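A.B. asks: What follows is a predicted protein model with its sequence.
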Amino acid sequence: MAKPSSVKIKLVSTADTGFYYVTKKNPRNITEKMVMRKYDPVARKHVEFKEVKIK
């Protein structure tokens, strides 16, 4: 069987609350680090989330 092309990544909040989302991305299509604006329930507002590797 072939290996899956997508990898799991962790999107960590830039508000330093420790909250994170886990999602997948295809590194062949998206080569740069992913940055998304999502809701942080700890800070109770929308903030930027930046990609880090899952350990």
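C.D. replies: That came through, no problem. Numbering: from 1, shown residues only.
A.B. asks: Just the strands from the protein, written as ranges.
C.D. replies: 7-13, 20-25, 35-40, 45-52 (DSSP state E).
A.B. asks: need those in a markdown table with mean pLDDT and mean neighbour count, can you?
C.D. replies: C-beta here means a position set from N, CA and C on the backbone, and glycine is covered the same way. Formatted as a markdown table, those follow (pLDDT from 0 to 100; neighbours: other Cβ atoms under 10 Å):
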| stretch | mean pLDDT | mean neighbour count |
| --- | --- | --- |
| strand 7-13 | 97 | 16 |
| strand 20-25 | 96 | 14 |
| strand 35-40 | 97 | 13 |
| strand 45-52 | 98 | 15 |
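A.B. asks: Among the ones you listed, which comes closest to residue 1?
C.D. replies: strand 7-13 (16.6 Å; Cβ to Cβ).
A.B. asks: what lines up beside the closest one in the sheet?
C.D. replies: strand 20-25 (antiparallel), strand 45-52 (antiparallel) (DSSP bridges).
A.B. asks: now the ones you listed in CSV, with distance to residue 32?
C.D. replies: Converted to CSV, the strands paired with strand 7-13 look like this (distance: least, Cβ to Cβ, whole Å):
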stretch, distance to residue 32
strand 20-25, 10
strand 45-52, 9
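A.B. asks: Nearest to residue 33, out of those?
C.D. replies: In terms of Cβ to Cβ, the element of these nearest to residue 33 is strand 45-52, at 4.6 Å.
A.B. asks: quick check: angle from that closest one to strand 35-40?
C.D. replies: Taking axes from the mean of the first three to the mean of the last three Cα atoms, to 10 degrees, one finds that strand 45-52 is oriented at 130 degrees with respect to strand 35-40.
A.B. asks: Alright, that wraps it up for me.
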